[in-house]
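> Got a predicted model here, sequence first, then my questions.
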Amino acid sequence: MAKITPLREAVASLVHDGDTVALEGFTHLIPHAAGHEIIRQGRRDLTLVRMTPDLIYDQMIGMGCARKLIFSWGGNPGVGSLHRFRDAVEQGWPHRLETEEHSHAGMANAYVAGASNLPFALLRGYTGSDLPKVNPNIRFVECPFTGEKLAAIPSVRPDVTVIHAQKADRRGNVLIWGILGVQKEAVLAAKRSIVTVEEIVDDLEAPTNACVLPTWAVSAVCHVPGGAYPSYAQGYSERDNSFYKAWDPIARSRETFQAWMQRHVLDTDDFAGFRRVLAESVKEAV
């Protein structure tokens, strides 16, 4: 049964040092607010999982939260590299980051396997790829029925999954729409889950065949309007393309990155405070 609680309390009680944590959201509904709260609370030695690590993982890696990253594609969408991610891999700053790279299809199937309580996922994939040469967790098995060679990878079963969604009702049922990615599977695969939402309502008014996460699958629901910023939340907000462009020069320098994170995240109490300080920074730059 989901508990409606402030984000700070949800992270404090549900995210622990050493956990495997998945912050999912594909193109939109990326849980930036929750990622910032994990940074504020100084979580360490996390194994971060995500199909497409982008800005929030760049920030979490650069702030020393991560020990390992399990992922498929990683980058600043439409802009270029994740410089804090690259610095951790190439130079070991702020410390060495272990990586386990998969394909998109592999990651999606690994989440489905985790949600199905299976130890591994099977797929037709990785043929002709060099990933099996660098990832020992990509293996191949023979189908007992056809003799076909299939790829096998461990299922993804996070200790905690964090997502952003549009609505929750007061019982903790969550409604998501738009590009879903693997949010549903990531929550169902996890031991615990945190969902930040745009609004909490009396009735979800969910249409037929909508994606609804039932309250029993969610640990905590947190009311955080705009919590996906700078990504978008369909029906509520647009993507802030300027933020993604601005992040590139900020993240290139360790000193610039640290100063930005100190002012905008560590020195703010919550995500609303982050948005206020960010607005001030934009005005100063004009």
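Sure thing, it's come through. What you see is a predicted model, and the numbers here were worked out from it, not measured in a lab.
> How about Ile56, nearest residue that isn't a chain neighbour?
Distance criterion Cβ to Cβ, 6 or more residues apart in numbering; nearest residue to Ile56, sequence neighbours excluded, is Gly35 at 4.0 Å. All C-beta atoms are positioned from the backbone trio N, CA, C, and that covers glycine.
> Tell me how many other residues crowd the one you found.
Here the count is done by other Cβ atoms under 10 Å, and Gly35 has 25 residues near it.
> and if you look at Pro136?
Per other Cβ under 10 Å, the neighbour tally for Pro136 reads 8.
> and what of the one 4 residues further on?
Applying the criterion other Cβ under 10 Å, we find 11 residues in the vicinity of Phe140.
> Also Val141?
12.
> and it, what is it in contact with?
Contact partners of Val141, counting by Cβ atoms under 8 Å, 6 or more residues apart in numbering, are Leu122, Lys149, Leu150, Ala152.
> The residues you listed into TSV, with extra columns for secondary structure, distance to Ala251 and neighbour count?
Below are the contacts of Val141 laid out as TSV (DSSP: H, G, I helix; E, B strand; the rest coil; distance: Cβ to Cβ, whole Å; neighbours: other Cβ atoms under 10 Å):
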residue	secondary structure	distance to Ala251	neighbour count
Leu122	strand	37	14
Lys149	strand	41	11
Leu150	strand	39	17
Ala152	strand	36	18
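> end to end, how far does stretch 159-177 reach?
Start-to-end span of stretch 159-177 (Cα to Cα, to the nearest Å) is 25 Å.
> on that earlier part again, if I look at the residue nearest to Ile56, what pLDDT would I see?
Here, the pLDDT recorded for Gly35 equals 98.
> so what does the host helix or strand of it touch, helix or strand wise?
Using DSSP states H and E, Gly35 sits within helix 32-40. Under the contact criterion of 3 or more Cβ pairs under 8 Å, 6 or more residues apart in numbering; DSSP states H and E, helix 32-40 touches helix 7-14, strand 20-23, helix 55-62, strand 160-169, strand 192-201, helix 271-285.
> How about the contacts made by the closest residue to Arg67 other than its chain neighbours?
Spatially, and ignoring its direct neighbours in sequence, Arg67 is nearest to Asp45 (4.6 Å; Cβ to Cβ, 6+ apart). By Cβ under 8 Å, 6+ apart, Asp45 lies in contact with Asp17, Gly18, Arg67.
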